[in-house]
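> The sequence and its predicted three-dimensional model are supplied below.
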Amino acid sequence: MRPGRYRPLARGDACQTCKSRKVRCPGERPSCTRCIRLGKECTYPGTADPPQPLGPSSFSLRPDTAPSTAVSASTSSLTTPVPGCTPQEITAFDDIFNYISPDSINTPASSFSLPAAAEIFGIIPKADNGLPELPSGWNWDWNTIDLEQLLGPQDSGSANLSDDDRDHLLLLYFSTFNLFGLQVHFPTFYANLRSSNVEERPHSCLLYSMFLVSCCSSDRTYLRQKEDLFHSLARSEMEKALMPPIASLSYLYDALRAGTLIALWLFHKSRLVEAWAMLGQSARLAIVCGLHQIPSSTFETDVAPGSPQWRRRGRNVYYDGPVPKSRVELGEHINAFWCLFNLDRCAATALHWDASFELSKVTTPLPRAWSEYEEDHCHGQECDERLASLFSEEKRTNCGRDHRTEYSHLIKSVVLMHCAATGEACDPAIQTALNRFNQELDPRWKQASVDERGTKTIGTGAASLQFILLGAEMYLKGADLNATANAEVLQVLRRMLGVLVLLREKVSLMPAP
């Protein structure tokens, strides 16, 4: 337990937020330090007018303002106390994960959090690593972009966005795209916006879907009120993108990316049937475009539409999807597929519905770091990692460089949890794959960190990964809401609560934005 740093408080002196979280309150008024750090509303008993929450920092893409790099993924769910588990009971992180060795302890990277007014959501809880910054002096020059061509003419049914609003919403999206999973390469996206070639410009359905998911975290009330309008426009424009003859162009790719974001937003709104239908449509588009069977992470300049690399196996029909024109575009295609796949597997596990992709037919390599797609000499196909390796004991031979990323680890853990949830309890094949995956994980994804105060914490990335893996283990131990008490399941649950305790401590120490 960390030694106390605050004065003892008289009964009733703690703020309501600290009381609900069952943590020590500094007692400063009008807002205590803990609430300020977390961006929470701080109220005290007997106060008539509670102080307003901290306003979000101004987002701007102007060259004289540094872009905000912020993403806080799953901290909002940690405001309730963890029952039946105290920090004293969790004496060491290796007590929680029995396969952890206490030899090395890494210090977590600096964390970032979104403004207090942000209502952000997503499928990738991640706050430990800073997001890539826009280039120095970056500026959206809307004067060189044909907005009417991109978004359609401004009429009574349009969003009527100013240049500043578009600037604001796009930066919000780029500041949080790791959370949504649909990663977009800044320079490529901007170059396509300005392109004179209509086929290279992003379709309006993709732009409106970006506005849809980013407006939820905007501090501008009038933009948040356009949420339903953005949804309606994104769906109607998506239908236009699928109409012939446009459907044969690159708009298919934009439509499936837009569908992924729309489905994510619908899940966030608990509109499950609509979300599932949209997810299924996007999955079929991904199959039409061949994104589930991308041959390699290595870009080949001589690949052309209709070539064997992009031909349906066993059918004399070619993919209608676009062929990437650069290494970066290839990376975007790979990331777009895995974002859709990950969302589909998460939803299928949660709702107990059938997943859209068969594992045996997915051969697209797992995503690499963006820096690798930007390199002049990308590593070859022998360095690609595929889902099939998750259930294979065969050792991969590569160049010696570790190409795995946090995102690829997350995808594999989600697959393991889905297999455990839909398979038989105590399935030896899944249990073996789970054990092997745990053993091969880098220590930073399964170890605690000790800060300068001696407080043991866990990074949000590692916590998310381990929480999913422990969920898979619960399924394998026979977790069932209708079953009687299971000692093995309860033991796994205790370890999950231990992760929450360490993560809650991490959140309480997070610096103010």
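The structure has been received and is ready for your questions.

> Number of residues surrounding residue 273?
Residues lying near residue 273 (other C-beta atoms under 10 Å) number 9. The way it works is simple: take the backbone N, C-alpha and C, and place the C-beta from them, glycine included.

> quick one, longest helix in this protein?
The single longest helix within the chain, with elements called by DSSP state H, is helix 327-351.

> ok, and the helix or strand in the protein with the lowest average confidence?
Sorting the helices and strands of the chain by mean pLDDT, DSSP states H and E puts helix 93-96 at the bottom, at a mean of 32.

> where in the stretch 151-300 of the chain is pLDDT low?
For the stretch 151-300 of the chain, applying pLDDT under 70 flags the ranges 151-158, 177-181, 245-249.

> ok, 90 please
Scanning the stretch 151-300 of the chain for pLDDT under 90 picks out the ranges 151-202, 216-220, 241-253, 288-290, 293-300.

> what about the strands in the chain?
With DSSP state E as the criterion, the chain has strands at 449-450, 456-457.

> Of these, flag the one that's most buried.
strand 456-457 (a mean of 22; mean count of other C-beta atoms under 10 Å).

> and that strand, what does it pack onto?
Here strand 456-457 touches strand 449-450, helix 487-508, going by 3 or more C-beta pairs under 8 Å, 6 or more residues apart in numbering; DSSP states H and E.

> Could you pull up the mean pLDDT of that strand?
Mean per-residue pLDDT for strand 456-457: 78.

> and residue 355, how many neighbours?
Using other C-beta under 10 Å, residue 355 has 18 other residues around it.

> Quick check: residue 467 touching residue 499?
Yes: at 5.7 Å, residue 467 counts as touching residue 499 under the criterion of C-beta atoms under 8 Å.

> out of those two, which sits in the busier spot?
Legend: neighbour count by other C-beta under 10 Å for residue 467 and residue 499, higher for residue 499 (23 against 18).

> And the more buried one, how close does it get to residue 492?
As judged by C-beta to C-beta, to the nearest Å, residue 499 and residue 492 stand 11 Å apart.

> Common neighbours of the two, please.
Contact with both residue 499 and residue 492 is made by residues residue 470, according to C-beta atoms under 8 Å, 6 or more residues apart in numbering.

> For the helices and strands packed on strand 456-457, could you give me a markdown table that also reports distance to residue 40 and mean pLDDT?
Converted to a markdown table, these look like this (distance: least, C-beta to C-beta, whole Å; pLDDT from 0 to 100):
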| stretch | distance to residue 40 | mean pLDDT |
| --- | --- | --- |
| strand 449-450 | 24 | 76 |
| helix 487-508 | 11 | 77 |
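
> Which of those sits closest to residue 26?
Minimum separation from residue 26 across the helices and strands packed on strand 456-457 (C-beta to C-beta) falls at helix 487-508, 11.4 Å.

> Could you check how far residue 346 is from residue 418?
8 Å.

> out of these two, which sits in the busier spot?
Neighbours per residue, other C-beta under 10 Å: of residue 346 and residue 418, the larger number sits with residue 418, 22 against 19.

> In contact with the more buried one: list those residues for me.
By C-beta under 8 Å, 6+ apart, the contact list for residue 418 reads 345, 348, 349, 355.

> What is the burial count for residue 454?
Look at residue 454: counted by other C-beta under 10 Å, it has 8 neighbours.

> And the one 4 residues further on, by the same measure?
Using other C-beta under 10 Å, the number of residues around residue 458 comes to 26.

> Residue 261 now?
28.

> any idea how far it is from residue 275?
11 Å.

> cool, residue 18 as well?
Residue 18 is 36 Å from residue 275, by C-beta to C-beta.

> repeat for residue 362
21 Å.

> neighbour count winner among the two?
More crowded of residue 362 and residue 275, by other C-beta under 10 Å: residue 275, with 21 against 18.

> Is it correct that that one is in contact with residue 267?
Yes: using C-beta under 8 Å, residue 275 is in contact with residue 267, at 4.5 Å.

> Overlap of the contact sets of these two?
By C-beta under 8 Å, 6+ apart, the residues touching both residue 275 and residue 267 are residue 347.

> returning to that earlier point: need the winner for burial among the helices and strands packed on strand 456-457.
Stretch with highest mean neighbour count among those: helix 487-508 (a mean of 19; mean count of other C-beta under 10 Å).

> for that helix, packing partners?
Here helix 487-508 touches helix 33-38, helix 93-96, strand 456-457, helix 460-476, going by 3+ C-beta pairs under 8 Å, 6+ apart.

> let's see it at 10 Å
helix 16-21, helix 33-38, helix 93-96, strand 456-457, helix 460-476 (3 or more C-beta pairs under 10 Å, 6 or more residues apart in numbering; DSSP states H and E).

> Can you add distance to residue 387 and give the ones you listed back as CSV?
Formatted as CSV, the helices and strands packed on helix 487-508 follow (distance: least, C-beta to C-beta, whole Å):
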stretch, distance to residue 387
helix 16-21, 39
helix 33-38, 37
helix 93-96, 28
strand 456-457, 31
helix 460-476, 15
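
> Export the helices and strands packed on strand 456-457 to JSON lines and append columns for distance to residue 169.
Shown next, in JSON lines, are the helices and strands packed on strand 456-457 (distance: least, C-beta to C-beta, whole Å):
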{"stretch": "strand 449-450", "distance to residue 169": "35"}
{"stretch": "helix 487-508", "distance to residue 169": "27"}
